[in-house]
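J.: coords below, sequence missing:
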């Protein structure tokens, strides 16, 4: 191996460390690595950019739009509300939740499915008397397990198939090829959840219930008519950088001013809405020129149609990670006001402005509806409950399912390829009005798509530089040439990587090494590729390992240790099932 290989290993090691320990987004890190390898001559332009035109990536993008069509028509609620029913006890509730969700997530992207299910399951849990904490982790885990059933179940399966085709020039896999191992994995995981999750998961209220009473976070005062504060800016009046509270908005002459600027000038009769510890009202009223508000209708109720109350989880790609809310200029940057913050299932008390945001924090936000639209594109936050969300077009729910069924039939019957079926399905979702062009555009998660495309380049670099062969030989020496041990080692490596970096990156980095191992030992590549698919999806042990885990973190009121307690056994069960059964389904040796 020459210096190209060593440079590739060094760059990828840097990528892994940066993904684990830094706050930079995966797409930025992976694109930087692509640039370095291309500039150094390890990759030519075609190899560096091959991921952007890969069939797997384009199929993922098309399936995002198909999933958006199902979501926009209320197709998920249509199925779920019909099947959830009124079970008795936690195990009965888990069974009712899991059975419809597994086939849903087998054909739809997990993220919109879980996003749609969270508010539905929250309402359902209250109706049947089961704590949300008993259901939210199983909701995420079931979506992950369902994704292992088909080639389109997760983006990881599609991109691995795309890279496998590109590197081996083979035809690739059919839609249900992975089902042979995905079905027993899903069955084992389902059995474990129904038997043990009621014992492992806490009985705890969700962050939403801690936020239930908006008024306990807010109070109002008025600016005295002809008083000393008329014409005075917010900062000059001493209303900025307060210790226990902050000014959220102003009602003025029948309109509302949100995300109030420091240079905003006060006017007589303004009603000021403050957020924070309500006991601080006495400190505020000591300011000359402020008087108690005598209006009997609170501003937050009077102007509810002009704003939306949103629960959002801070994502790993949020620009404000590690910054205090005040220092991040939250109101100016996002056009939203933080009413409360919950972490590890508990509302954080004290000065909101001094709270440093962490991935997984649940925020209660008050914002204009435009905030919701922006965040569906920008992904600083994962929206888990938008009270003003647009009502779905239920009239087209059945049509959206018919279109999805058409995609599946076309891909499995040999009428056309998976790529073409997905593209036609996506186009028909828009043409028939199941989702608008704007909704289709919003469904394309650019962070995910760019990360996948750049990961293809890193996989190509491992292959062309000889680094994959070098690493493969090190693994072979550990396994002493035993195919079953090689299968176990490759699975464990991918499984560990996917807990600390993105699952797509873990899979695409490992696949060239897996193919190098099977090529040098004359082994059958298919079982190793399917093992990589399962391992890359089986991220259960942390809330940060998989996006749906992070989405249910707040609604379930979980602590980090809850994922470890429930997820580590799930990881072990899925690993044992996969590693033990694959050799009986596909021969390891040619």
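T.: Sure thing, it's come through. Note that the structure is predicted; figures quoted are calculated from it, not measured. Numbers count the residues shown, from 1 in each chain.
J.: tell me the mean pLDDT over the strand or helix carrying residue 191?
T.: Element membership for residue 191, per DSSP states H and E: helix 179-200. Averaging pLDDT along helix 179-200 gives 96.
J.: List the contacts of it.
T.: Residues outside helix 179-200 that contact it (C-beta atoms under 8 Å, 6 or more residues apart in numbering) are 90-91, 94-95, 98, 102, 134, 137-138, 141-142, 145-146, 148-150, 153, 530, 534, 538, 565-566, 569-570, 573-574, 577-578, 581-582, 585-586. Glycine gets a C-beta too; all of them are placed from N, C-alpha and C.
J.: Mind giving me the PyMOL command for buried ones among the residues you listed?
T.: Buried residues within the contacts of helix 179-200, by 16 or more other C-beta atoms under 10 Å, are selected in PyMOL with:
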select buried, resi 90+91+94+98+102+134+137+138+141+142+145+146+148+149+150+153+530+534+538+565+566+569+570+573+574+577+578+581+582+586
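J.: Quick check, residue 443 in contact with residue 63.
T.: No. Between residue 443 and residue 63 there is no contact under C-beta atoms under 8 Å: 9.5 Å.
J.: now the helix holding residue 191, how far from the centre of its chain.
T.: In terms of C-alpha atoms, centre = their mean, to the nearest Å, the centre of helix 179-200 is found 22 Å from the chain centre.
J.: ok, now stretch 420-427?
T.: Per C-alpha atoms, centre = their mean, the centroid offset for stretch 420-427 relative to its chain is 24 Å.
J.: For that stretch, buried residues please.
T.: 420-426.
J.: repeat for stretch 231-238
T.: Under 16+ other C-beta under 10 Å, the buried positions of stretch 231-238 are 232, 234, 237.
J.: So which of those is the closest to residue 313?
T.: Comparing those against residue 313 with C-beta to C-beta places residue 234 closest, at 30.0 Å.
J.: So what does that closest one look like in phi/psi?
T.: phi -60, psi -50 (degrees, to the nearest 10).
J.: hang on, isn't it packed against residue 240?
T.: Yes. Using C-beta under 8 Å, residue 234 makes contact with residue 240 at a distance of 5.5 Å.
J.: any residues in contact with both of these two?
T.: Taking C-beta under 8 Å, 6+ apart as the contact rule, residue 234 and residue 240 both touch 247, 262.
J.: the strands in this structure, which residues?
T.: Taking DSSP state E as the criterion, the chain carries its strands at 218-223, 245-252, 255-258, 271-276, 290-292, 308-314, 336-343, 346-347, 362-367, 381-386.
J.: With mean neighbour count added, can I get those strands in TSV?
T.: Formatted as TSV, the strands of the chain follow (neighbours: other C-beta atoms under 10 Å):
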stretch	mean neighbour count
strand 218-223	21
strand 245-252	22
strand 255-258	15
strand 271-276	23
strand 290-292	16
strand 308-314	23
strand 336-343	24
strand 346-347	15
strand 362-367	25
strand 381-386	23
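J.: could the ones you listed be laid out in TSV, adding mean pLDDT and distance to residue 171?
T.: Below are the strands of the chain laid out as TSV (pLDDT from 0 to 100; distance: least, C-beta to C-beta, whole Å):
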stretch	mean pLDDT	distance to residue 171
strand 218-223	79	61
strand 245-252	82	58
strand 255-258	79	55
strand 271-276	80	59
strand 290-292	80	73
strand 308-314	78	40
strand 336-343	79	49
strand 346-347	72	53
strand 362-367	79	45
strand 381-386	70	37
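J.: so can I have a markdown table of the ones you listed showing distance to residue 489?
T.: Shown next, in a markdown table, are those (distance: least, C-beta to C-beta, whole Å):
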| stretch | distance to residue 489 |
| --- | --- |
| strand 218-223 | 56 |
| strand 245-252 | 53 |
| strand 255-258 | 55 |
| strand 271-276 | 53 |
| strand 290-292 | 68 |
| strand 308-314 | 34 |
| strand 336-343 | 37 |
| strand 346-347 | 40 |
| strand 362-367 | 38 |
| strand 381-386 | 34 |
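J.: Quick check: residue 25 touching residue 317?
T.: Yes. The pair residue 25 / residue 317 is scored as a contact, 4.1 Å apart, by C-beta under 8 Å.
J.: and for these two, which residues touch both?
T.: In contact with both residue 25 and residue 317: residue 447, using C-beta under 8 Å, 6+ apart.
J.: Mind pulling up the pLDDT for residue 210?
T.: 55.
J.: Quick one: low-confidence residue ranges for the stretch 351-500 of the chain.
T.: For the stretch 351-500 of the chain, the stretches flagged by pLDDT under 70 are 351, 369, 373, 376-378, 384-394.
J.: mind running it again at 50?
T.: Scanning the stretch 351-500 of the chain for pLDDT under 50 picks out 387-389.
J.: and residue 380, what is it in contact with?
T.: 314-315, 317-320, 334.
J.: Okay, buried residues for stretch 41-58 please.
T.: For stretch 41-58, by 16+ other C-beta under 10 Å, it's 42-43, 47-51, 54-58.
J.: which residues are contacting it?
T.: Stretch 41-58 is contacted from outside by 4, 7-8, 34, 37-38, 158-163, 165-166, 417-419, 422-423, 449, 452-457, 460-461, 464-465, using C-beta under 8 Å, 6+ apart.
J.: Inside helices: which ones of these?
T.: Secondary structure from DSSP state H places 4, 7-8, 34, 37-38, 158-163, 165-166, 418-419, 422-423, 449, 452-457, 460-461, 464 of the contacts of stretch 41-58 in helices.
J.: Closest one to residue 404 out of the buried residues of stretch 420-427, please.
T.: residue 425 (6.8 Å).
J.: my guess is the closest one meets residue 64, correct?
T.: No. Shown here, residue 425 and residue 64 do not form a contact pair, counting by C-beta under 8 Å, at 11.3 Å.
J.: Show the buried residues in the ones in helices among the contacts of stretch 41-58.
T.: 4, 7-8, 34, 37-38, 158-163, 165-166, 418-419, 422-423, 449, 452-457, 460-461, 464.
J.: ok, now which ones touch residue 155?
T.: Counted by C-beta under 8 Å, 6+ apart, residue 155 has contacts 60, 63, 109, 448, 452, 504.
J.: out of these, which are buried?
T.: 60, 63, 109, 448, 452, 504.
J.: Cheers, nothing more for now.
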